[in-house]
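Give me coordinates for this.
(3 chains)
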Amino acid sequence: MPERTLMSPEDIQRALIRIAHEIVERNKGAKDIVLVGMQTRGVPLSKRLATTIQSLEEITVPVGSLDIGLYRDDISSLHLKPVIHRTDIPTDVTNKQVILIDDVFYTGRSIRAAMDAIIDLGRPQSIQLAVLVDRGHRELPIRADYVGKNIPTSNNEEIKVYVKEVDGEDKVTILSPNKGATDEND
Amino acid sequence: MKTIEPNSSIATPETFPPPSIAVWQHSHVLDLDDFTREEIELVLETADAMAEVLTREVKRVPTLRGKTVVTLFHEPSTRTRASFELAAKNLSADTVSLDASKSSIVKGESLIDSLRTIQALGADIIVMRHSQSGAPYLAIQHVNCSMINAGDGWHAHPSQALLDLYTIRRHLGTLANLKVTIIGDIMHSRVARSNIWGMTTMGAKVVLCAPPTLLPRGLDSFIANCQLPNVSIETEIEPALENADVVMPLRLQMERQQSGLLPSLREYIQLYQLTTERLSMAKPQVLVMHPGPINEGIEISPEVAHGTQSVIEEQVTNGVAIRMALLYLIAGGKNK
Amino acid sequence: MPPNILISGGRIIDPGQGIDRIADLLITKGKITWLGDKGTAPSHADLTTIDATGLIVCPGFIDLHCHLREPGFEDKETIATGTKAAAKGGFTTICCMPNTNPPLDTQASIDYVKKTAESEGTVQVLPVGCITKGRQGKELTEMNELAKVGVIGFSDDGDPVASSRIMAVAMDYSHALGLPIIDHCEDKELSDGGFMNDGWVSARLGLKGMPKAAEEIIVARDLALAKLTGAKLHVAHVSTEGSVELIRQAKEKGIAVTAEVTPHHLTLTEERVMGSQLEKNSHLRYDTNAKVNPPLRTKEDIAALIKGLKDGTIDAIATDHAPHTSVDKMCEFGLAAFGISGLETALACLMSLVHNNQLDLKTIISKLTFEPARIIGSRYGELGILKPGCRADVTLFDPNKEWIVDSRDFASKGKNTPFDGCHFKGRVIVALVAGKIVYRDNSE
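Reported below is the predicted structural model:
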C-alpha cells in the first residue's frame, strides 16, 4: 500500500516550534491567548504548543479542547456517528485571542463549525487558526494563520497524521490510490 | 446543605480516547434490554458532552436544527416531558408537545391514527409516554419516525435508567460490582424494569426489595429465564440495604393501598421507608436516588430526601443531558 | 340432489368404527352408502370419482366451540363467512357460541341463526344457547324452549357463571334435558382484568397476568357442582396442567364431565406474545395475535394437555374460533380483543404434533369427529362417523402437503392468527357436507 511519509517526527517538532514562535510574534506575546485543540489530534498538538510557548514567554497559556460534533451540518448518517467528547475550555474566551489548532486543514467545514462553537461560548477578540498540514481544496472562504506544512493533494488522496499521544508515533503520511490492485485491508 | 460533589478526577479522564466512529444500531430507544454495554457507554459519553453545553450561559447548540421533535404524552408528567422538551430545544430542534388528554386521542382516534397524523405533520422524532405497556412497539410498526419511549405502562423507561447510570458513574466511577438496591412497587415499575437491564449490563448487582404483593409472581422465573444472575429479591429491607452502594426508593402510588395490595400506608412506612437509620446500613458513601416525584414521608423520609447522600436533584439535571444525547444519537434520517 | 360420489383409494380413518385402511367410500343421495376395498364399489349411474390417493379420508370435523359473531358483530364475521372458513378447515359441523348481540338466549334468536345458516351457511351449524338471560349470570334462560329449537348445550362463554348458586341451579335445570352445561372457567376476580398468563413473560413485559389458578378454581367448583347435581358438565378450552388433573380425578370418580382443548393451546406458549420465532426482530413484541382467553400458557401445561388427550381426560379438540377486525387487534396489547381465528389452521396445527410424534393421527381425528359427536348426542343424527346410512360429511386431507399460512387468504373475516407465516405440513383438500362438495383446495 503506497503510504509515503512526508513529515518525520523531527519535521513535526520543528514545525510546531516555528508555529509557537509565530503565534507569540503575531500576538506580541502570550497574554490573552487561549489555545483550543480540535478533537482529536488537535488536542495533543495544542498541549505541545502550550509547552513551547511556556518556555518562550514563561506564561502558562490556557489550553482547551473542542469537539465540533454538535455543530456539524450533516446529522444524516444513521449508523455512523462520531463519538462526541466533552468540550472543555477552562477559561472564558471573551476578549481573548482564541487560537484553534487542528491536524489537517482541508475543506474548511470543521473550522466553520469550530468558529460557531467558540462564538457560542463567548465573544473572543480574534479567532486564529493553526494547522499542522494544509492540504488545500477549500470549500469555504477560510484561511489558516499558521501552517506547519503545505501539502498539495488530489481529492482521492488521503493525508494521515499520526500523533504520539494518540497513535504511538509522530509522522505525516500520504496515501495515494494504487495504480494496480486495490488493497482494502491496510 | 452540602451535597456530595462528583469525583472530578473520574469525570474527565486525562487520556485521549482514540478517535472512533461509533456504530449506533438503534433507530428507536424503547428499552435497555437490547442495548450492549458499548452502546450504553456511548450514551453516557455523549451525555457528558451535552452536560458541558448545560453549563454554558446560552445552553444551545445547532445540532438538531431543522428537526422536529414531537412529545406525545398520554399520562400526566411534568418533569419527564419538560426534560425532553428542553433537551430538544437545547439542540435547536423544533418541538411540539401534545397532551393526549386534551387532544383527539381521547375523542376516539386510535393511537395508530394519531401517530400517522403526527408523522404527516413532519415529525422526525416522537417521544411518547403511554399508560399501556407495549404501546411504543405498536407505534414503530406503523410510522417511520424515530421513537423514544418516555415510559410505557409498567414496562420500560429507558431514559430514566440511563440517567440513573450516568448519575452513579459520575459519583462512583464505575458500575461494576456495585450493589444497587431498588425498594418499592416493583410490580408496577417501569423504572425498576429498565434499571434491571441497564444496571446488569453495566456489571452491577441489583437487589429488588418489596412487600410480596408488589413483586410480580413470575419475577423469579423472569430472572432465571433471562439469565440475570446478578438480580436478587428481598422482602425485608435490612438485608437489601446492607452495604448497598446505591439505594433507590420508588414512589408508592396511593392506588396500591386502595386496590388492596397493601393493608395500609402506615405498615408500608414501618417496613420499607428509607430513613436515616436504615440508610446507615448501606455503605458510607451510598448514593440516594429517586426517579421522582417523591412522596416525602412515605417511601423516603424528608431528612434522607434532602440529606447529604441524596443526588435526586442532580438526576433531573442529568436527565436533560441524557435526553439530549439520545435525541442526538437517534436523529439523522428517518427509519427506513 | 347432490351427485353420487366415489371417494377412491384414500386411507380411510374412521375411529368410530375402528377403521384404518386404504378403501373406497361411496356416497349416494347425500348419505354414506358403502365402504369397502378399492375398486369393488357397487356400480352407480352418474358417478363422480374423487381420487383420494395419498390422502386421509375421515368423517368431517366437528367443532364444539366457535364464534360466528352473527347477529350483532358482522364486521368480525358472519355465518356465511364463518362457515366458509369452517369448510376450508375441514369442519362440516360447527357449534356456535351465543355471545352474539343479541345473545342467543331466546327461541327467536336461535331460529334466526338456524335459518341464516340454512340459507347462507356452507356447513351444518348447531347452536349453543345461553345459560343465563343476556349472559348476565343472574336468571336462567328458558332452557326447555331453547332445547326444543335445537341447542346442543348451554354456555355463557366469554364469561363464566360467576355465582356458584346460579351455576348449581343451571345444572339442576339442564340435567333433565340431558344437555351439557359448557363453562368458560375463569374466576374473573382473580384474573382481575389481566391480559396474558401470569408468569415470567408477563413479569418481563409489564403486563397484568391471569393466574392459572383462576381457571382451576372454577373447574374445581364446576366439578363439585356436577357431582352434586349429576348434570353433564363440559369444560371449554382447558389450558392448564392443574385443570387437566382435576378433570382426570373427577372422571375417575365417575363425574359426568367432558372437556375440550384448542389447537393453539396445544402448540403455543406464553412466549408467543413476545413475537414469532420467524423474525428475530425484537420489535415484534406484544403480539396481540397471541392474546387469547384462556391465555397461552407454558410448556408444562402443553405436555399435560397432550397427555390428557392421550389418556382420554380431554375428550375433544375444539377451535374456539374467535375472529376480530383489525381495529380490534391492531392496538395496544391491553386494549386488544382476546381471540384467535382458528378454523383454517386447526388441522395443520394438530398435524405438527403428529409430525413431531407427540400425538398420533387416529387420536387427532377421533377428537375432531367421533368424540365431539358423542358429546353432542344423537338429536342431529349419527355424526362424526362414516357408517352407511349416515350423513355424508367427509373430509379429505393431505397429511404431508406443505404450505405457509397467509391470513390474507383466509375465508374468515378474522385475520387474527399467531400462525401467519408458519410453515405447516397438512392441509384439507376436499370437504363434503351431506354429500355435496363445499370446499376444494386449489392451491399449488
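
So residue C:62: helix, strand or coil?
Following DSSP: H, G, I helix; E, B strand; the rest coil, we place residue C:62 in the strand state.

Is there a neighbour count for the closest residue to it other than its chain neighbours? I'd like the number.
Distance criterion Cβ to Cβ, 6 or more residues apart in numbering or on different chains; nearest residue to residue C:62, sequence neighbours excluded, is residue C:372 at 4.0 Å. Any C-beta I mention is one placed from the backbone N, CA and C, and that applies to glycine too. By other Cβ atoms under 10 Å in any protein chain shown, 27 other residues sit near residue C:372.

what residues are up against residue C:372?
C:62, C:63, C:64, C:260, C:315, C:316, C:318, C:383, C:384 (Cβ atoms under 8 Å, 6 or more residues apart in numbering or on different chains).

Quick check: phi and psi on residue C:15?
Main-chain dihedrals, residue C:15, degrees, to the nearest 10: phi -60, psi -30.

so what's it up against?
Each residue near residue C:15 by Cβ under 8 Å, 6+ apart is listed here: C:362, C:365, C:366, C:369, C:370.

Now do the last one against chain A, distance only.
It refers to residue C:370. Residue C:370 is 60 Å from chain A, where distance means Cβ to the nearest Cβ, to the nearest Å.

Any stretches of chain B with poor pLDDT?
Along chain B, the model assigns pLDDT under 70 to residues B:1-22, B:101-108, B:332-336.

Spell out the secondary structure type for the residue most central in space within it.
Residue closest to the average C-alpha location in chain B (Cα atoms, centre = their mean): residue B:160, at 1.0 Å. Assigned by three-state DSSP, the conformation of residue B:160 is helix.

ok so, going back, the residue nearest to residue C:62: helix or strand, and which one exactly?
Per DSSP states H and E: residue C:372 is located in helix C:370-376.

Dump the C-alpha coordinates for that helix into CSV.
Taking C-alpha atoms only, helix C:370-376 is exported to CSV below (Å, rounded to 0.1, in the frame of the first residue of the first chain):
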residue,chain,number,x,y,z
PHE,C,370,-66.3,-39.3,17.0
GLU,C,371,-65.7,-37.7,20.4
PRO,C,372,-67.4,-34.4,19.8
ALA,C,373,-70.3,-36.2,18.2
ARG,C,374,-70.7,-38.2,21.4
ILE,C,375,-70.9,-35.0,23.4
ILE,C,376,-73.5,-33.5,21.0
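
Name the next helix or strand downstream of that helix, please.
Remark: after helix C:370-376, the chain's next helix or strand is strand C:394-404, criterion DSSP H and E.

neighbouring contacts of that next one?
Counting by Cβ under 8 Å, 6+ apart, residues outside strand C:394-404 touching it are C:7, C:10, C:25, C:27, C:32, C:50, C:52, C:54-61, C:90, C:92, C:347-348, C:351, C:354, C:361, C:386, C:421-432, C:443.

What average pLDDT does the helix holding residue C:372 get?
Average pLDDT, helix C:370-376: 97.

for that helix, the distance to its chain's centre please.
12 Å (Cα atoms, centre = their mean, to the nearest Å).

List the buried residues of it.
C:370, C:371, C:372, C:373, C:374, C:375, C:376 (16 or more other Cβ atoms under 10 Å in any protein chain shown).

residue ranges of the helices in chain A, please?
Here chain A has its helices, by DSSP state H, at A:9-26, A:42-57, A:109-121, A:164-167.

would you turn these into JSON lines with distance to chain B?
Below are these laid out as JSON lines (distance: least, Cβ to the nearest Cβ, whole Å):
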{"stretch": "helix A:9-26", "distance to chain B": "17"}
{"stretch": "helix A:42-57", "distance to chain B": "6"}
{"stretch": "helix A:109-121", "distance to chain B": "6"}
{"stretch": "helix A:164-167", "distance to chain B": "5"}
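
Give me the most central residue, chain A.
Central residue of chain A (Cα atoms, centre = their mean): residue A:102, at 0.5 Å.

Tell me who's in contact with that one.
Contact analysis of residue A:102 by Cβ under 8 Å, 6+ apart lists A:37, A:38, A:41, A:42, A:45, A:110, A:111, A:114, A:129, A:130, A:131, A:132.

contacting residues around the first one?
It refers to residue A:37. Going by Cβ under 8 Å, 6+ apart, residue A:37 touches A:43, A:44, A:45, A:46, A:47, A:63, A:64, A:65, A:66, A:101, A:102.

Can you tell me how far it is from chain C?
Going from residue A:37 to chain C by Cβ to the nearest Cβ gives 41 Å.

how close does the residue nearest to the centre of chain A get to residue B:157?
In this view, residue A:102 and residue B:157 are 41 Å apart by Cβ to Cβ, to the nearest Å.

circling back: go through the contacts of residue A:102 and name the one nearest residue C:327.
residue A:110 (52.1 Å; Cβ to Cβ).

Please give the element, helix or strand, for residue B:167.
helix B:158-172.

any idea which helix or strand comes after that helix?
Downstream of helix B:158-172, the next assigned helix or strand under DSSP H and E is strand B:179-183.

Many thanks, I have nothing further to ask.
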